[in-house]
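*Asks:* Return atomic coordinates for the entry below.
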Amino acid sequence: MTTLGPRHLPFFVYGTLRPGEPNHDRFLRGRTLSEESGRLPDAVLYDGPGYPWAVEEPGGAVHGELVTARPEGYGRLLLELDELEEYAPGDPRSLYVRVERDVVRRRDGAAVRSWVYLAGAAVAAGLRADGRRIEGGDWTARGLPDHPAAT
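*Replies:* Numbering: from 1, shown residues only. The predicted structure follows:
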């Protein structure tokens, strides 16, 4: 049996990689051990051109899924997701940055250390200045009235 090493963290997905969204089938279907609801504290969500941006902000929360990848394909999946998110380690021009954050698992409230793609510094500054925030922090519920995601 293959075990996950300390750097083989689950991924927290909050946009097009969530189940039912277009990139879930393309990148994750059949490549995960588990997918479960979670919440990224101290972050907010902004609307982008067909995908969202998570930006750190105290008191906010972003809703999504914790995805645990199959160990045998972890390295390849990590590279593919970095490419999708236009993240290059150490490059300040990256659209997103991959960082370790604690994500709260919905089923039991446990904090799970996970990889999260956040808006890069330049993108985050622009979003804070004039971006359109997704109230309730749930990409799949954007534009839906009275959605319980804000609770």
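
*Asks:* all contacts plus neighbour counts: C-alpha atoms, from now on.
*Replies:* Will do.

*Asks:* packing partners for the strand or helix carrying Thr68?
*Replies:* Using DSSP states H and E, Thr68 falls within strand 52-69. Judged by 3 or more C-alpha pairs under 8 Å, 6 or more residues apart in numbering; DSSP states H and E, the packing partners of strand 52-69 are strand 11-13, strand 32-47, strand 111-119.

*Asks:* C-terminal to the first one, what's the next element?
*Replies:* Heading C-terminal from strand 11-13, the first helix or strand you meet, by DSSP H and E, is helix 22-23.

*Asks:* Quick one: mean pLDDT over that following helix.
*Replies:* For helix 22-23, the per-residue pLDDT values average out at 94.

*Asks:* Repeat that for stretch 113-130.
*Replies:* Rounded mean pLDDT across stretch 113-130 is 96.

*Asks:* Tell me how far it lies from the chain's centre.
*Replies:* 11 Å (C-alpha atoms, centre = their mean, to the nearest Å).

*Asks:* Quick one: end-to-end distance for it.
*Replies:* Stretch 113-130 has an end-to-end distance of 31 Å (C-alpha to C-alpha, to the nearest Å).
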